[in-house]
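K.L.:
A predicted structure for the sequence below; I have some questions about it.
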Amino acid sequence: MITIPKHVLDQIFAHGEEAYNLECCGALLGKNDGVSSVVEIRRLKNINTDMPTRRYNVDPFELLKVEKDAESKGLELIGIYHSHPDHPAKPSKYDLEHAFPNLSYMVLSVEEGKAKEITSWRLKSFQNREFIKEEIKVMEEKQ
């Protein structure tokens with residue numbers, strides 16, 4: 001399971017809608033104490049120039065900078081999110097081939113510019129390259 005505050009989930013939805021019809025991507029920062037808990041996100045630049053409407057790539061130096069900043073706040077990189085413009089919120093074969101163990105991968109479906117559905121996935125094992133869907137628990141904030 002992965003938990004995420006409603007306002008942070010709203011930020012992911014907004015990013016997907018703003019980037020439409022390109023894939024957006026970002027880092028999920030938080031804690032992993034048996035359950036992954038997102039505290040904040042960091043938008044990342046999609047550096048894919050071949051197929052940015054269907055693929056994303058993250059600059060490893062940008063990601064390293066984000067990880068170091070997270071560590072300075074007592075947080076860690078717990079996953080990556082990205083959008084699928086006009087496609088389901090399911091990881092593609094490309095997503096599976098480029099996934100790392102121990103991270104959550106949130107996939108946001110954005111249809112005709114409107115965020116529709118988000119799912120989260122974890123790599124079952126590095127050897128057999130299979131995703132397992134994980135439950136997303138949205139945490140409502142107290143007023």
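P.N.:
Yep, that arrived.
K.L.:
And the residue nearest to Ala115 when sequence neighbours are not counted, how close does it get to Asp59?
P.N.:
Among residues not flanking Ala115 along the chain, Phe13 sits closest, at 3.8 Å (Cβ to Cβ, 6 or more residues apart in numbering). Quick note: C-beta positions are derived from backbone N, CA and C, even for glycine. Distance, Phe13 to Asp59, by Cβ to Cβ, to the nearest Å: 23 Å.
K.L.:
now swap in Thr53 and tell me
P.N.:
19 Å.
K.L.:
before we move on, what about Phe131?
P.N.:
According to Cβ to Cβ, Phe131 stands 24 Å off from Asp59.
K.L.:
Make sure Lys68 is indeed in a helix.
P.N.:
Yes. Counting by DSSP: H, G, I helix; E, B strand; the rest coil, one finds Lys68 located in a helix.
K.L.:
Number of residues surrounding it?
P.N.:
Per other Cβ atoms under 10 Å, the neighbour tally for Lys68 reads 9.
K.L.:
mind listing the strands for the protein?
P.N.:
Remark: strands assigned in the chain by DSSP state E are 2-5, 25-32, 36-44, 76-85, 104-111, 114-123, 131-134, 136-139.
K.L.:
Quick one: residues in contact with the last one.
P.N.:
Same thing as strand 136-139. Under the contact criterion Cβ atoms under 8 Å, 6 or more residues apart in numbering, strand 136-139 has outside partners 1-6, 9, 106, 118-120.
K.L.:
same thing but at 7 Å, please
P.N.:
With Cβ atoms under 7 Å, 6 or more residues apart in numbering as the contact definition, strand 136-139 has outside contacts at 1-6, 9, 118, 120.
K.L.:
average pLDDT for it?
P.N.:
Rounded to a whole number, the mean pLDDT of strand 136-139 is 98.
K.L.:
and if you look at the third one?
P.N.:
Strand 36-44 shows a mean pLDDT of 98.
K.L.:
How far off centre is it?
P.N.:
Going by Cα atoms, centre = their mean, to the nearest Å, the spacing between the C-alpha centre of strand 36-44 and its chain's C-alpha centre is 8 Å.
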